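> When you get a sec, could you give me coordinates for this:
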Amino acid sequence: MIDCRHMSIPGQLSVAVGRATEKKGLRVLNFDANILTSQPEVVTDFYDLNAVPVTQDLTCCRQRVCTPAIVTEPDDGDTVDTVLSSNEDEAPAISDEDDDDASDVELLSDVLQAEEQAILPADFDLTKEIEGELYSDPITAQQTSLNNDLKFMLCHLGPSTRFAQKIWQQLLTAFQSEFPTGQDAKVQNKHATKFYSTVAELVSSDTYKGHVRQLFSTQNPSETQYISAWLLVCRLRGKVLHDATRNLTDHANQAAASSSNHFDGSTSGRGVIRYIAGWCAATTIYRKKKTITRNLYKTDTRPLIRKLSLEIEHLEQLTDSEANLTETSDDKGSLCVIQRKQNLRGGLTHVTDAANIFFTELDSTIRGLETKEYTNLYGKDLYTFVEQKISSNEVLFQHWSDLFTPSTSTDSDDDAAFQHLSILQSLFHEILDKYIRMSSAQFRKEYVRSTKEKKTEAHRKQIRMSKGDKTHPEQASTSGKRPQATKPTAAKVKSQKRNKKSVKWPCGLCGKECADGCVCCDGCDAWYHLDCIGLDDSATHELEQEEWFCATCNNS
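Now for the predicted structure:
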């Protein structure tokens, strides 16, 4: 059995087939015609050369290989000395520098050092990266051609690896030259822009084109071959950036973990957590009961109703009556907070002491993740980050499981245990979603308050100044006069272009900006274009003398 998947050397398949002793039972897997490549010119030229006689002092080993026209065949009567003397005039002179072993060792060390510097990272799987660019179901001719070129790169991993090593070394050099180094260095957007520009210059250089020609063993690579090589360059570029920013991410995670905001454990804090826990349980139970009511008389909904009923039965194990908790609770101080929040009729859902302890632990864990450092690190994905961390916390899920006792069921023990575990996992994620969303909203308010970000008066009131007397339409609406048209300055024109999409004083009918040729209603202070309400400029004088009301104000 011969597997052609990783064959990349010319003649490798021929050697493998030649080692077979019998044709019967011979199988060739993953064959591709692209692996049948011709031998390099150096190999063919070597086989075309005539043999050089071997001398006793082995000086023939130091003699450079010459073309067939230089080396002559010895006759029967010729000796080795006569052959060497006959070729001495035509063969190139061999200097002492060519025979110097030290120069050969130095050259070999330079080559090995260059190869060592260009080694790819251990976690960069070249085969996997190239396979990731393959189209699973190519449709167009270009996609099919790209797949063929990528498969050629897979079949010739030797040239592909050398190409990747050269590009990797150049990308590292570009990154080190464009990005600042040091612990206190600040990375800005301009550094990334310069790095991407350097990469663009790299792929347009003649050196890069030479690398592509060596990769595909052709003097004129096609467009899809350049695209295939560029896809591999993009993978390498992403790897360079990922490895370079890994230290920054780890440092930010450590700083965020060390600055976590832990719960102080006060009585009022425990009361608030008990109140929120009761709200989570009550809203979840109410939603499930409502789902049961909607599907009660539908066909084929019995399994759904049974599942929801079991979930409600589990959630009710978290709650207890206020009267019972007042007598038996060990944390009566937290109950006072709920009594202050509810009205005279009561009715708020109370959780047990054990459930309150669990939600206190949950709140403390969430507070350790909702910090300014993690907010700066994850941004809008902070909620997803917190949810993933809490959902994968096995200790927290174990404490959640301890709050419940399996319900009585007629099923077998294995089925009942599996159903009980499935219900616990489902309820765990539902309660987490509610609690984390509530906590994230509160943390967002506190974060904005701590950063002292306030809207300016102009942003809050959205004041639009008129062009004539520098007064806004609210002041001009009392007289019914429309704004006077003046020639805007260059600064105003630039500001209008920047704020083109934000219409502050739209027309009450068409919604477009009201500037010239418009009138303001003296009832609702809404602006209207004269064209939209069916008036022309001749009616402007009459509107200035008396009050004008829009159709909405007239009908009301």
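> Any stretches of this protein with poor pLDDT?
The model of the chain has pLDDT under 70 over residues 50-54, 56-118, 182-185, 246-265, 341-347, 407-413, 451-503, 537-545, 556.
> longest helix in it, by residue count?
helix 413-450 (DSSP state H).
> Residue 186: neighbouring residues, count only.
7 (other C-beta atoms under 10 Å). For glycine as for every other residue, the C-beta is placed from the backbone atoms N, C-alpha and C.
> so what secondary structure elements neighbour the longest helix of the chain?
helix 267-294, helix 302-315, helix 353-369, helix 372-378, helix 382-391, helix 394-401 (3 or more C-beta pairs under 8 Å, 6 or more residues apart in numbering; DSSP states H and E).
> Could I get those helices in TSV, plus columns for mean neighbour count?
Formatted as TSV, the helices and strands packed on helix 413-450 follow (neighbours: other C-beta atoms under 10 Å):
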stretch	mean neighbour count
helix 267-294	17
helix 302-315	15
helix 353-369	19
helix 372-378	16
helix 382-391	17
helix 394-401	14
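> Residue 504 is nearest to which of those helices?
helix 372-378 (31.9 Å; C-beta to C-beta).
> I'd like to know which elements the closest one is packed against.
Counting by 3+ C-beta pairs under 8 Å, 6+ apart, the packing neighbours recorded for helix 372-378 are helix 223-258, helix 382-391, helix 413-450.
> rerun at 7 Å
helix 223-258, helix 382-391 (3 or more C-beta pairs under 7 Å, 6 or more residues apart in numbering; DSSP states H and E).
> and residue 181, which of the ones you listed is closest to it?
helix 223-258 (10.0 Å).
> still on that earlier bit, could the helices and strands packed on helix 413-450 go into a markdown table alongside distance to residue 22?
A markdown table is the format used below for the helices and strands packed on helix 413-450 (distance: least, C-beta to C-beta, whole Å):
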| stretch | distance to residue 22 |
| --- | --- |
| helix 267-294 | 70 |
| helix 302-315 | 61 |
| helix 353-369 | 66 |
| helix 372-378 | 63 |
| helix 382-391 | 58 |
| helix 394-401 | 58 |
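> closest to residue 334 out of those?
Closest approach to residue 334 among the helices and strands packed on helix 413-450 (C-beta to C-beta): helix 267-294, 3.9 Å.
> Report the inter-axis angle for the closest one versus helix 353-369.
Computed with axes from the mean of the first three to the mean of the last three C-alpha atoms, to 10 degrees, the direction of helix 267-294 lies at 110 degrees from that of helix 353-369.
> Now do helix 267-294 against helix 413-450, angle only.
130 degrees.
> between helix 267-294 and helix 302-315, how big is the angle?
Here helix 267-294 runs at an angle of 160 degrees relative to helix 302-315 (the same axes, to 10 degrees).
> Could you list every helix and strand in contact with helix 267-294?
Applying 3+ C-beta pairs under 7 Å, 6+ apart, we find helix 267-294 packed against helix 302-315, helix 332-341, strand 350-351, helix 353-369, helix 413-450.
> Of all the helices and strands packed on helix 413-450, which one is nearest residue 36?
Closest of the helices and strands packed on helix 413-450 to residue 36 is helix 382-391, at 49.4 Å (criterion: C-beta to C-beta).
> Can you tell me which helices and strands that closest one packs against?
So helix 382-391, by 3+ C-beta pairs under 7 Å, 6+ apart, packs with helix 353-369, helix 372-378, helix 413-450.
> Residue 529 is in contact with residue 517, isn't it?
Yes: judged on C-beta atoms under 7 Å, residue 529 makes contact with residue 517 at a distance of 6.2 Å.
> Compare neighbour counts for the two and give me the winner.
Set residue 529 next to residue 517 and count neighbours by other C-beta under 10 Å: residue 529 wins out with 19 against 16.
> what's across from that one in the sheet?
For residue 529, the beta-bridge partners are residue 518 (DSSP bridges).
> what about it, distance to residue 553?
According to C-beta to C-beta, to the nearest Å, residue 529 and residue 553 sit 17 Å apart.
> for residue 205, same thing?
71 Å.
> repeat for residue 450
The value you get for residue 450 to residue 553, if C-beta to C-beta is used, is 45 Å.
> cool, and residue 231?
In terms of C-beta to C-beta, residue 231 sits 64 Å off from residue 553.
> likewise residue 534?
Relative to residue 553, and taking C-beta to C-beta, residue 534 is found at 17 Å.
> And those two? Which one has more around it.
Set side by side, residue 534 and residue 553 show more neighbours around residue 553, with 13 against 7, by other C-beta under 10 Å.
> OK, contacts around that one?
521, 523-524 (C-beta atoms under 7 Å, 6 or more residues apart in numbering).
> got it, and residue 424?
With C-beta under 7 Å, 6+ apart, residue 424 has these contacts: 400-401, 404.
> Could you do residue 390 as well?
Counted by C-beta under 7 Å, 6+ apart, residue 390 has contacts 365-366, 396, 432, 436.
> Now the two most distant members of those residues.
Greatest spatial distance among these (C-beta to C-beta): 396 and 436, at 12.3 Å.
> Tally up the residues packed near residue 547, please.
12.
> Nearest spatial neighbour of it, chain-adjacent residues omitted?
Spatially, and ignoring its direct neighbours in sequence, residue 547 is nearest to residue 522 (4.5 Å; C-beta to C-beta, 6 or more residues apart in numbering).
> Phi, psi for the one you found please.
phi -80, psi 0 (degrees, to the nearest 10).
> Residue 507 now?
phi -70, psi 140.
> The one 3 residues further on too?
For residue 510, the backbone dihedrals (degrees, to the nearest 10) come out as phi -90, psi -20.
> how close does it get to residue 527?
Counting by C-beta to C-beta - residue 510 and residue 527 are separated by 11 Å.
> same question, residue 189
Distance of residue 189 to residue 527, computed by C-beta to C-beta: 41 Å.
> between these two, who's got more neighbours?
Neighbour totals were compared for residue 189 and residue 527, and residue 527 leads with 23 against 7 (other C-beta under 10 Å).
> Return the backbone torsion pair for the nearest residue to that one once chain neighbours are set aside.
Once flanking residues are discounted, residue 527 sits nearest to residue 514: 3.9 Å by C-beta to C-beta, 6+ apart. Dihedral angles phi and psi of residue 514 (degrees, to the nearest 10) take the values phi -100, psi 110.
> OK, contacts around residue 514?
505-507, 527, 529.
> got the helices and strands packed on helix 267-294 as TSV, with distance to residue 242 columns?
As requested, the helices and strands packed on helix 267-294 are exported to TSV (distance: least, C-beta to C-beta, whole Å):
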stretch	distance to residue 242
helix 302-315	42
helix 332-341	47
strand 350-351	44
helix 353-369	23
helix 413-450	28
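> Would you quantify the distance from residue 356 to residue 37?
Residue 356 sits 73 Å away from residue 37 when distances are taken as C-beta to C-beta.
> what does residue 146 give?
20 Å.
> Neighbour count for these two, which is higher?
In this view residue 146 and residue 37 are compared by other C-beta under 10 Å, and residue 146 has more residues nearby, 21 against 18.
> Name the nearest residue to the more buried one, sequence neighbours excluded.
Take residue 146 and drop its neighbours on the chain: the residue closest to it by C-beta to C-beta, 6+ apart is residue 224, 5.2 Å away.
> Verify the stated contact: the one you found with residue 140.
No: with contact defined as C-beta under 7 Å, residue 224 does not reach residue 140; the gap is 11.0 Å.
> more neighbours, those two?
The residue with more neighbours, out of residue 224 and residue 140, is residue 224; 18 against 9, by other C-beta under 10 Å.
> residue contacts, that one?
By C-beta under 7 Å, 6+ apart, the residues touching residue 224 are 142, 145-146, 149.
> how far away is it from residue 297?
61 Å.
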